[in-house]
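Undergrad: next comes the sequence, and after it the predicted model I'd like to discuss.
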Amino acid sequence: MSLGDISAAPLEDWLRERYFDASLDISSSGVLNYTLGELRELLGLETSELDDVIFRDSPSTGCEELRETVAARFAPGRADAVMMTHGSTEGIFLALSALLRPGDEVVVLDPVYHALSAVAEAAGARLRVWELREEDDFRPDLDLLERQLTPRTRAVVVNFPHNPTGACLDAAGRRRLAGMLARHDCHLFWDAAFGELVHDGPPVTAPTEAEGLAQDRVVLTGTLSKAYGLPGIRVGWCVAETRLLTEMVRIRDYTTISTSPLNELLALRVLRDADRVLLPRLDLARKNRAALLEWAAVHDGLVTCPTPVGGVSAFPRFPGVPDVTDACESLLQRHGVLVVPGRCFGRPDRMRIGFGGDAEEFTTGLERVAQVLGEASPAVPVQGGSAR
Ligand SMILES: Cc1ncc(COP(=O)(O)O)c(C=O)c1O
């Protein structure tokens, strides 16, 4: 397999054809998007500061001030290990391409966000699967991971909180993971896209040195796309040991070369004042999550919904509908409601529902989901909500 053979991303295929036609988007794994105006007001950012940007090339790993700011929040003391990227997608692509060679083994989650497995596969790695089991409500079971580790394991790739299920690894789990991987000659690749979107506890990040894993063995990616409501800004970052960063720069010279100074300025201002941008969205997501769980309780029989510990996506199952794809099409055609069918994550009887958006739109969207899925599973009477 070569890079050009990389497999299609069913999630992106689904969204690209429908995203711009939806009037009620409850599909997203990110929080409610900000406008530039809202952002400028929140941060006290003047247009004159934007006018002063010179459109020259930035350094290959991003401007120093921004790397220091990322390090201060996500990897204290490691500014030299930070590379700014075009969303975390670029960080995932560069780091896995730099890290893996044909014949290496990589452990990936299932269900999985496509980039985290497809890039490894395109790099020639052999995938071994760490399943998040439905019967465990997708809670990660480290015994299952342990069985997948071999002397050829080069990386274990995870994303916690997890897209699409919202499952997470708790502190004891992170310590056990650190101890397990310390005994293997491999990297831990930790996608922290949703690390700051945790609902009943503090933010979650990769195991630290204190938890037993040397930091040069950890690759961490992060993004402004999810918790910060800024997917269109295309700013992410990757924290990795210097040797790996050098390889990533070599590969980047053939793709994006560097990041935009305008986006770097915006990212710098956001991350310096991160909570101002983050906390209102986290508050909204927590309220929506409560509404989601209440909705699932009201529609017991139609839907079962594992409680998302973090992130803003849930992955409910509709036991009466073996494949929800047609119902998802119908939701969009009849009601303008966009969701993601579970087949995009290899689970056709489930649906990804995003709960990070506007509260009213979210509850209206949920009513429509119950209505359409209720019709698709005739044994279940449609509860509550309008039947329009
Ligand atoms: C787990 C995970 N990682 C990475 C990404 C990539 O996001 P971005 O490139 O916008 O940072 C996504 C987007 O959905 C995601 O869900």
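TA: On my side now, so go ahead.
Undergrad: wait, a helix at R154?
TA: No - using DSSP: H, G, I helix; E, B strand; the rest coil, the secondary structure at R154 is strand, not a helix.
Undergrad: the nearest residue to it once chain neighbours are set aside: neighbouring residues, count only.
TA: Leaving aside its sequence neighbours, R154 sits nearest to D104 (C-beta to C-beta, 6 or more residues apart in numbering; 3.9 Å). Just so you know, the C-beta spots here come from the backbone N, C-alpha and C atoms, and that holds for glycine as well. Using other C-beta atoms under 10 Å, D104 has 17 neighbouring residues.
Undergrad: ok, D104 to the ligand distance?
TA: 21 Å (C-beta to the nearest ligand atom, to the nearest Å).
Undergrad: does that residue touch E121 like I think?
TA: No - judged on C-beta atoms under 8 Å, D104 makes no contact with E121 at a distance of 11.0 Å.
Undergrad: tell me the contacts of the residue nearest to R154?
TA: Going by C-beta atoms under 8 Å, 6 or more residues apart in numbering, D104 touches 123-126, 152-155.
Undergrad: show me the strands in the stretch 51-200 of the chain, by range?
TA: Listed in chain order, the strands of the stretch 51-200 of the chain (DSSP state E, counting those that start in this stretch) span 82-85, 105-110, 126-131, 153-159, 187-191.
Undergrad: could you dump the ones you listed into a markdown table with mean pLDDT, mean neighbour count and distance to R174 added?
TA: Shown next, in a markdown table, are those (pLDDT from 0 to 100; neighbours: other C-beta atoms under 10 Å; distance: least, C-beta to C-beta, whole Å):
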| stretch | mean pLDDT | mean neighbour count | distance to R174 |
| --- | --- | --- | --- |
| strand 82-85 | 98 | 26 | 21 |
| strand 105-110 | 98 | 22 | 15 |
| strand 126-131 | 98 | 16 | 15 |
| strand 153-159 | 98 | 24 | 10 |
| strand 187-191 | 98 | 25 | 10 |
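Undergrad: got a list of what the spatially closest residue to W14 that is not a sequence neighbour touches?
TA: Closest residue to W14 apart from its sequence neighbours, by C-beta to C-beta, 6+ apart: C344 at 5.5 Å. When contacts are counted by C-beta under 8 Å, 6+ apart, C344 touches 10-11, 14, 352.
Undergrad: and if we set it to 10 Å?
TA: C344 makes contacts with 9-15, 111, 114, 164, 325, 328, 350-352, as judged by C-beta atoms under 10 Å, 6 or more residues apart in numbering.
Undergrad: next: T242.
TA: 80-81, 216 are the contacts of T242 under C-beta under 10 Å, 6+ apart.
Undergrad: compare the contacts of C344 and tell me which has the most neighbours.
TA: Counting by other C-beta under 10 Å, top hit in the contacts of C344: M351 with 31 neighbours.
Undergrad: how far away from the center of its chain is the helix or strand encompassing it?
TA: Taking DSSP states H and E as the definition, M351 sits inside strand 351-354. Put simply, strand 351-354 sits 13 Å off its chain's centre (C-alpha atoms, centre = their mean, to the nearest Å).
Undergrad: and that strand, is it in reach of the ligand?
TA: No - judged by C-beta under 6 Å from any ligand atom, strand 351-354 makes no contact with the ligand; its nearest approach is 10.1 Å.
Undergrad: that strand - what's its average pLDDT?
TA: Taken as a whole, strand 351-354 has an average pLDDT of 98.
Undergrad: report pLDDT for the residue of the chain found nearest the ligand.
TA: Of all residues in the chain, G87 sits closest to the ligand, at 2.5 Å by C-beta to the nearest ligand atom. G87 is assigned a predicted lDDT (pLDDT) of 98.
Undergrad: same check on V380?
TA: For V380, pLDDT reads 60.
Undergrad: same question, the one 5 residues further on
TA: The model reports G385 with a pLDDT of 45.
Undergrad: repeat for E209
TA: Model confidence at E209 (pLDDT) stands at 89.
Undergrad: wait, it sits on A178?
TA: Yes - using C-beta atoms under 10 Å, E209 is in contact with A178, at 9.1 Å.
Undergrad: contacting residues for the most centrally placed residue in the chain?
TA: In the chain, the C-alpha nearest the mean C-alpha coordinate belongs to A193, at 4.4 Å (C-alpha atoms, centre = their mean). Neighbouring residues of A193 by C-beta under 10 Å, 6+ apart: 29-30, 87-89, 92, 113, 159-163, 221-223, 225-227, 236, 311.
Undergrad: residues in this structure within reach of the ligand, list them.
TA: 29, 87-89, 113, 159, 163, 191, 193, 223, 225, 231, 236.
Undergrad: most neighbours of all the residues you listed, which one?
TA: N163 (29 neighbours).
Undergrad: that one and Y113 touch, don't they?
TA: Yes - at 4.8 Å, N163 counts as touching Y113 under the criterion of C-beta under 10 Å.
Undergrad: what do these two both touch?
TA: With C-beta under 10 Å, 6+ apart, N163 and Y113 have common neighbours 11, 29, 191, 193, 345.
Undergrad: any idea how far the third one is from E247?
TA: Look at D191 and E247: by C-beta to C-beta, to the nearest Å, they are 19 Å apart.
Undergrad: buried residues in whichever helix or strand Q333 is part of?
TA: Using DSSP H and E, Q333 falls within helix 325-335. Buried residues in helix 325-335, counted by 16 or more other C-beta atoms under 10 Å: 327-328, 330-332, 335.
Undergrad: contact partners of it?
TA: 14, 17-18, 21-24, 26-27, 318, 321, 324, 337-344, 348, 351-352, 364-365, 367-369, 371-377, 388.
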